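Trainee: Need a 3D model of the sequence below.
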Amino acid sequence: MTDVDVCAGAADLRRMVITACRELTRRGLTYGTSGNVSVRCDRERFFVSPSGMDYETLEADDVPLMGLDGRWFGRRRPSSEWRFHRDILKVRHDVGAIVHTHSPRATALACTGRGIPAFHYMVAIAGGRDIRCAPYHTFGTQELSDAAVVALQDRKACLLANHGVIATGADLAAAISLAGEVENLALQYATALSLGEVRVLDDAEMDRVIEKFRTYGKQNAPDPELVFGGAEPGTGEGNRPCRG
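Mentor: This next block holds a predicted model:
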């Protein structure tokens, strides 16, 4: 099977998987060969990082192609966690990429069986009022995949008890960014727990935050009290800088 047979830009997608794996290590979100990455190829197939290989030695041809039917193609065996990559991509058409990490704080939190409640409004960046923790199951099993899919219902990220984190996104950049946000939230929540009782925002407030996140970061987001006044003085043609 050639890249032409697979999907447009297949070679680039393989390289993106490798870059993402290395970026997770660079950001301290995973260590060694732990964690894994996938990116959607088309409606029926995806690329996933190979099992147990040093990310720094990976070449494009080491990244296997998988079908949603469980078949795989290439010279390297897919990640041992291929099941939850397959199952999430199968049921979540909004997801274009998935990263799985063993980031230190979020994994430590998951080892207590806790999710992340609405202790901070930024929890809504994962799509809901909280970040759930899926119950523990042996890695690489269908039971773990089933639990992850449930924990991700109406969410973009979840914790896995005694294991780690799954973060999803429209593309790999979004999934990696969300994995970093989850790690930061886990650090803040663990710190808050060490200080005493944690205040949790109520559902009504989180619903307001979730609605605001629908336009978060969009340059054309409506705000009736925010009025555009034109180019910054001194930067537009014919403008002169202000002098104080």
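Trainee: Against residue 127, how distant is residue 209?
Mentor: 11 Å (C-beta to C-beta, to the nearest Å). (Each C-beta comes from the backbone N, C-alpha and C, glycine too.)
Trainee: Now do the buried residues in the longest helix along the chain.
Mentor: In the chain, with assignment by DSSP state H, the single longest helix is helix 172-195. For helix 172-195, a neighbour-count test (16 or more other C-beta atoms under 10 Å) marks 172, 174-183, 185-190 as buried.
Trainee: all strands in the protein, in order from the N-terminus.
Mentor: Ranges of strands in the chain, per DSSP state E, are 36-40, 45-48, 65-67, 72-73, 97-101, 133-134, 157-160, 164-169.
Trainee: Quick check: neighbours of the last one in the sheet, parallel or antiparallel?
Mentor: On the basis of DSSP bridges, the sheet neighbours of strand 164-169 come out as strand 97-101 (antiparallel), strand 157-160 (antiparallel).
Trainee: and it, average pLDDT?
Mentor: Averaging pLDDT along strand 164-169 yields 98.
Trainee: returning to that earlier point: switch the strands paired with strand 164-169 over to TSV; also include mean neighbour count.
Mentor: Below are the strands paired with strand 164-169 laid out as TSV (neighbours: other C-beta atoms under 10 Å):
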stretch	mean neighbour count
strand 97-101	28
strand 157-160	26
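Trainee: could you give the angle of the longest helix of the chain to strand 164-169?
Mentor: Using axes from the mean of the first three to the mean of the last three C-alpha atoms, to 10 degrees, the direction of helix 172-195 lies 140 degrees away from that of strand 164-169.
Trainee: I am finished for the moment; much appreciated.
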